[in-house]
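Asks: can't give you the sequence, but here's the structure:
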């Protein structure tokens with residue numbers, strides 16, 4: 001530090017803050033939000049902290065200063081613990097006779113209230129789904145919009161609530177659904193649903209999990225107007241609800257005897273407690289075969305991946321794709337898997 005000029009000392013101070021914050025965030029997946037809900041909020045900022053530490057590492061490396069070891073050390077811990085924030089692998093999205101393609105999509109009521117400007121957004125969404133032709137599609141914030149026609153799927157299961165506007169979760173399938181049901185979450189319209197489909201001689205359980213929303217406005221100006229203390233408290237309370245919902249889901253999941261696939265909008269990142277608990281020993285299809293940041297939510301501040309497809313180890317993840325079609329505040333994801 002003595003050999004650093006004043007500006008570099010200031011830079012290194014903020015470097016230390018960013019490195020310590022990132023290091024602290026690495027333990028958050030192991031701390032139930034009910035134990036320390038306010039600290040859990042830090043998990044949302046992990047992508048930013050990673051990018052900041054990369055910038056600090058490059059800054060010191062360019063100046064040939066040994067201070068680059070600080071961020072390098074913390075980033076290395078994160079990489080070996082959680083993998084890379086950015087994936088360089090590519091997916092082919094090829095289908096074989098033995099493959100099963102699953103799409104997950106939070107459709108935001110099929111743009112019922114014109115959040116996305118443009119003509120016939122709801123029919124464009126359906127055309128997109130029809131073009132990609134998944135065998136199974138899992139919808140969060142589904143609404144039986146009068147202008148949509150998903151009859152090209154042979155089977156479906158919907159779990160809707162609301163009086164004036166019906167909405168909820170749904171799963172559509174090209175394969176027979178032999179069983180279905182819902183895991184109710186108290187004091188919310190969010191829930192988890194499931195179907196058991198039959199493909200050849202295999203019965204496969206597909207879950208659709210939608211955890212409590214954080215209700216964070218993607219508009220920078222509106223978010224800046226919100227009191228920071230109230231924001232942190234509200235998000236912390238939401239994390240506590242997500243933990244309770246996760247516990248209910250895991251209790252149901254534990255009773256399942258079939259190979260399973262979990263489609264989800266967790267409203268939380270891959271650095272969170274709820275992600276770690278729900279994933280368990282399943283494969284994250286994006287981490288296996290995805291590429292890029294895997295952004296699934298239109299959040300202006302940093303790359304956000306909160307929608308996941310988790311796959312039983314009995315399957316091979318052959319491909320994964322995140323689509324950039326902007327018809328909702330979420331982006332659709334699709335994976336192709338096959339039995340070993």
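Replies: Cool, the structure landed. Note that the structure is predicted; figures quoted are calculated from it, not measured.
Asks: the nearest residue to residue 295 once chain neighbours are set aside: what secondary structure?
Replies: Once flanking residues are discounted, residue 295 sits nearest to residue 303: 4.8 Å by C-beta to C-beta, 6 or more residues apart in numbering. C-beta coordinates here come from the backbone N, C-alpha and C atoms, glycine included. Secondary structure, DSSP: H, G, I helix; E, B strand; the rest coil: residue 303 is coil.
Asks: hey, where'd the strands end up in the stretch 1-150 of the chain?
Replies: 99-106, 136-142 (DSSP state E, counting those that start in this stretch).
Asks: so what strands line up beside the next helix or strand after the last one?
Replies: Using DSSP states H and E, the next helix or strand after strand 136-142 towards the C-terminus is strand 155-161. Next to strand 155-161 in the sheet, as set by DSSP bridges, lie strand 167-173 (antiparallel).
Asks: pull out the buried residues from the strand it pairs with.
Replies: Residues of strand 167-173 classed as buried: 167, 168, 169, 170, 171, 172, 173 (neighbour count, 16 or more other C-beta atoms under 10 Å).
Asks: now do the contacts for the last one.
Replies: Residues touching residue 173, when contacts are defined by C-beta atoms under 8 Å, 6 or more residues apart in numbering, comprise 135, 136, 153, 154, 155, 156, 195, 197, 206.
Asks: again with the fifth one
Replies: Contact partners of residue 171, counting by C-beta under 8 Å, 6+ apart, are 136-139, 156-157, 177, 180, 193-195, 206, 208, 263.
Asks: against residue 208, how distant is it?
Replies: The gap separating residue 171 from residue 208 is 5 Å, by C-beta to C-beta, to the nearest Å.
Asks: please enumerate the shared neighbours of the two.
Replies: Taking C-beta under 8 Å, 6+ apart as the contact rule, residue 171 and residue 208 both touch 138, 139, 193, 194, 263.
Asks: next one: residue 247 from residue 239, what distance?
Replies: 13 Å.
Asks: and these two? Which one has more around it.
Replies: Applying other C-beta atoms under 10 Å to residue 247 and residue 239 shows that residue 239 carries more neighbours, namely 29 against 13.
Asks: let me know the helix or strand that that one is in.
Replies: Counting by DSSP H and E, residue 239 is part of helix 228-253.
Asks: any idea of the mean pLDDT for that helix?
Replies: On average, the pLDDT along helix 228-253 is 91.
Asks: buried residues in it?
Replies: 231, 234-236, 238-246, 249, 253.
Asks: quick one: list the elements packing against that helix.
Replies: The contact analysis (3 or more C-beta pairs under 8 Å, 6 or more residues apart in numbering; DSSP states H and E) places helix 228-253 against helix 37-40, strand 177-184, strand 191-199, strand 202-210, helix 273-279.
Asks: output these in JSON lines; the columns should cover mean pLDDT.
Replies: Listed next are the helices and strands packed on helix 228-253 as JSON lines, based on pLDDT from 0 to 100:
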{"stretch": "helix 37-40", "mean pLDDT": "76"}
{"stretch": "strand 177-184", "mean pLDDT": "98"}
{"stretch": "strand 191-199", "mean pLDDT": "97"}
{"stretch": "strand 202-210", "mean pLDDT": "98"}
{"stretch": "helix 273-279", "mean pLDDT": "97"}
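Asks: which of those sits closest to residue 148?
Replies: strand 202-210 (17.7 Å; C-beta to C-beta).
Asks: what sits up against the closest one?
Replies: 100, 102, 104, 106, 136, 138-141, 169-171, 173, 178, 190-198, 249, 253, 256, 258-267, 278, 339.
Asks: list only those of those residues flagged as buried.
Replies: 100, 102, 104, 106, 136, 138-141, 169-171, 173, 190-197, 249, 253, 258, 260-267, 278.
Asks: pLDDT weak spots in the chain?
Replies: 1-2, 89-97, 217-228 (pLDDT under 70).
Asks: give me the domain ranges for it.
Replies: Using automatic domain parsing, the domain ranges for the chain come out as 6-82, 99-339.
Asks: so which of those comes closest to residue 88?
Replies: With distances scored as C-beta to C-beta, the stretch of the domains of the chain nearest to residue 88 is domain 99-339 (6.6 Å).
Asks: could you check how far the closest one is from the centre of its chain?
Replies: Relative to the centre of its chain, domain 99-339 is centred 8 Å away, using C-alpha atoms, centre = their mean, to the nearest Å.
Asks: straight-line length of it, end to end?
Replies: End-to-end distance for domain 99-339, by C-alpha to C-alpha, to the nearest Å: 7 Å.
Asks: now stretch 143-150
Replies: Using C-alpha to C-alpha, the end-to-end distance of stretch 143-150 comes to 12 Å.
Asks: quick check: buried residues in it?
Replies: 143, 145, 148, 150.
Asks: show me the contacts for the first one.
Replies: Residues touching residue 143, when contacts are defined by C-beta under 8 Å, 6+ apart, comprise 107, 109, 110, 112, 165, 166, 167.
Asks: how many neighbours does the closest residue to it other than its chain neighbours have?
Replies: Closest residue to residue 143 in three dimensions, ignoring its sequence neighbours and counting by C-beta to C-beta, 6+ apart: residue 109, at 4.1 Å. Residues near residue 109, counting by other C-beta under 10 Å, number 18.
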